[in-house]
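J.: give me coordinates for this.
(one chain, ligands or ions: 2)
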Amino acid sequence: MTMAADIPLLSLASSPEEFLKAMSSTGFLHLSLVDSPVPPSAVRKAFSTSSVLYDEISLEERCRFSRDDDNNFNGHTGVGSTYLNREGGQQKPDWKEGFGYGRFKPGQDWDQRMPQRLEQRRSEMAAFADGCYELMLLVLDKLSLAFNLPEDYFRACHKHQGANSVTLLNYPPPPTGYKVGEEDIRAGAHKDWGSVTLLFQEDGGQPGLEVFLPESRQAQNGVRLLADVNLKEGKWLAAPVIPDTVLINLGLMMEAWTSGQCVATLHRVVFPPNPTPKSRRSIAYFGTPDPQVELRPVAKGGIIDSSKAAPRVKEFFEERLKRAEVPKAERKELTRESSLVPIEASG
Ligand SMILES: O=C(O)CCC(=O)C(=O)O
Ligand SMILES: [Fe+2]
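T.: Ligands and ions are numbered 1, 2, ... in the order given. Sure thing, here's the model as predicted:
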């Protein structure tokens, strides 16, 4: 199919080989949403929910639904609470807010507590998560076929829908009069952790997502973010926003699972060169295999390496979280609209 810069544009009619080619080179692809389980109209509705959350509900109220207080890791994370590139020495926290929803324990329902205005949209939000889950499974089927595995090989390891989640992302503009410096970043360079991520960019919204294209790459299969990447050798590619498509990329678990053949690509979100007083919005769907799945490396030809013990998803996730989580006491989380002020670099 056609190319948009270095990120190919595919559809669900594209072949498994085309999916694998994209996922083992750039590690990102644009997928047409026409005739998919997440039609463009569903994405527009999801962005309108995001607008209710971030434009009509106050920051103070959003903060009352903190991820820290939710058993399932759903809920709000404020500007200043995360450093996505902590391992790379990120000095200032991500200038980003998120609201995660959709996770629940096996055998239970999604019963997350939400602000009243979102409560009114609960079924619509659930329908969006359902569509994303279906779409992710279709992408996994393509990868299974590309590896000459049974078509449902990866799908069958994603039976528990509650392991996956939607995150409504909001990147507020920099404070008035504040000059964005080199250390300021909306989302620090990172790789996603799970299997498949769907990343919806807002039609006509602010760009800012950049994908790192290294000059060369060594297969790796661990939890480390920057183990195989030398940021001095390669280039950052600005991902274009293409209407009615979703960006698809893979996380570290998929890289480990495919013996490094599929790549979890480093990406980040930067401020525009001339910041406008508008927020940037995006929506991510983070796919994660079932917690007990063993990430036994598979290779092309359908060969599964059972010679060594493979980490389980649960262990992999916990190890990753340990490296990323910032203790609450160390966070510079902004919890009041009036405190959206520049954040000092940590010393
Ligand atoms: O907002 C975006 O476009 C990227 C977000 C992202 O990479 C993430 O949340 O993992
Ligand atoms: Fe990401």
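J.: for the residue of the stretch 101-250 of the chain found nearest ligand 1, which non-adjacent residue is spatially closest?
T.: Residue of the stretch 101-250 of the chain nearest ligand 1, by C-beta to the nearest ligand atom: Leu209 (4.0 Å). In this view, the C-beta of every residue, glycine as well, is placed from N, C-alpha and C. Counting by C-beta to C-beta, 6 or more residues apart in numbering, Ala239 is the residue found nearest to Leu209 once chain neighbours are left out, at 4.4 Å.
J.: and the residue of the stretch 101-250 of the chain closest to ligand 1, how many neighbours?
T.: For Leu209, the count of nearby residues is 22 (other C-beta atoms under 10 Å).
J.: what about the strands in the stretch 201-347 of the chain?
T.: Using DSSP state E, counting those that start in this stretch, the strands found in the stretch 201-347 of the chain span residues 209-214, 234-238, 245-250, 267-269, 280-286, 298-299, 303-304.
J.: follow-up on the earlier one: how near is the residue nearest to Leu209 to Glu60?
T.: Plainly put, Ala239 is 33 Å away from Glu60 if you go by C-beta to C-beta, to the nearest Å.
J.: next one: Tyr83
T.: Between Tyr83 and Glu60 the distance, using C-beta to C-beta, works out to 24 Å.
J.: Leu237 too?
T.: The value you get for Leu237 to Glu60, if C-beta to C-beta is used, is 38 Å.
J.: ok, Thr265 next?
T.: 36 Å.
J.: looking at the two, which is more packed in?
T.: For Thr265 versus Glu60, neighbours defined as other C-beta under 10 Å are more numerous around Thr265 (24 against 11).
J.: mind checking pLDDT for the closest residue to the more buried one other than its chain neighbours?
T.: Ranked by C-beta to C-beta, 6+ apart and with sequence neighbours excluded, the top spatial neighbour of Thr265 is Gly27, at 3.2 Å. What the model reports for Gly27 is a pLDDT of 95.
J.: looking at it, Gly27 is touching Asn249, isn't it?
T.: Yes. With contacts counted by C-beta atoms under 8 Å, Gly27 reaches Asn249, the gap being 5.7 Å.
J.: shared neighbours, the two?
T.: The contact sets of Gly27 and Asn249 overlap at 211, 264-265 (C-beta atoms under 8 Å, 6 or more residues apart in numbering).
J.: contacts only, for the residue lying closest to Gln201 once chain neighbours are set aside.
T.: Taking C-beta to C-beta, 6+ apart, and ignoring the residues beside it in sequence, Gln201 has Val241 as its nearest neighbour in space, at 4.5 Å. Remark: with contacts taken as C-beta under 8 Å, 6+ apart, Val241 is in contact with 201-205, 207.
J.: check the residues you listed and tell me the two furthest apart.
T.: With distance counted by C-beta to C-beta, no two of the contacts of Val241 lie farther apart than Asp203 and Pro207, which are 11.9 Å apart.
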